Structures are given as structure tokens and as C-alpha cells.
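In: predicted coordinates and the sequence they were generated for:
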Amino acid sequence: MTCTVCGEPANEDASQLCNNCEGRFHLRMRDGAGGKDCGDVWINEQYMSLEFACFTCLGTGPGSAGVEPPVGKGH
Ligand SMILES: [Zn+2]
Ligand SMILES: [Zn+2]
């Protein structure tokens, strides 16, 4: 099992599946637990269900795709 965000091995008990790309990513399920977060989890208030998304899909992590920072190219 490999994290889709950072490419490092991810244990099942310390990772989740992204609801968007269905890739596995690091996510600590308990505060204080070892490991790291390569995505985020939140509660969908409409369905009262947990939603998971990796940083790649959120566009906030290393290797984030699709979002290019604004670059001044002069004129
Ligand atoms: Zn990771
Ligand atoms: Zn994803």
C-alpha cells in the first residue's frame, strides 16, 4: 500500500482512501498518534458522513496538481 501523495508506504490503520481519486493517503486517525497527514477529513453536513480527500486533490500539498501559482511573467 503506497500513499498517493508522498509515495511512501502507508499502513492501513494510518491511512484512508480519498473520496475523489480513490488513492490511499496518510491520515492519522487519533490525535497524538505517530505518522503524518497527506490529506484531510471532514464531516459532510448534508449527509452526516465522513469525507476524505488527499492533498493532491485538495491542491494544498506537495505535488499538488492542477493549481499553478500566479507567476508574474512581465509584459
Ligand atoms: Zn503520504
Ligand atoms: Zn485524491
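Out: Sure thing, it's come through. Ligands and ions are numbered 1, 2, ... in the order given.
In: so what's Gly39 bridging to?
Out: Cys54 (DSSP bridges).
In: distance of it from Pro9?
Out: 16 Å (CB to CB, to the nearest Å). To be clear about C-beta, it is placed using only N, CA and C from the backbone, and glycine gets the same treatment.
In: neighbour count for the two, which is higher?
Out: A count of neighbours by other CB atoms under 10 Å puts Gly39 above the other of Gly39 and Pro9, at 27 against 10.
In: so for the more buried one, what's the pLDDT?
Out: Here, the pLDDT recorded for Gly39 equals 95.
In: that one against Cys54, yeah?
Out: Yes. The pair Gly39 / Cys54 is scored as a contact, 3.9 Å apart, by CB atoms under 8 Å.
In: quick check: residues of the protein near ligand 1?
Out: Proximity of the chain to ligand 1 (CB under 5 Å from the ion) is limited to residues 3, 5-6, 26, 38.
In: inside strands: which ones of those?
Out: Here DSSP state E is the test, and the residues of the chain next to ligand 1 give His26 as lying in strands.
In: any chance of the residues of the chain next to ligand 1 in CSV, plus neighbour count and distance to Gln16?
Out: What follows is the residues of the chain next to ligand 1, written out as CSV (neighbours: other CB atoms under 10 Å; distance: CB to CB, whole Å):
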residue, neighbour count, distance to Gln16
Cys3, 22, 10
Val5, 27, 11
Cys6, 18, 14
His26, 22, 9
Cys38, 26, 10
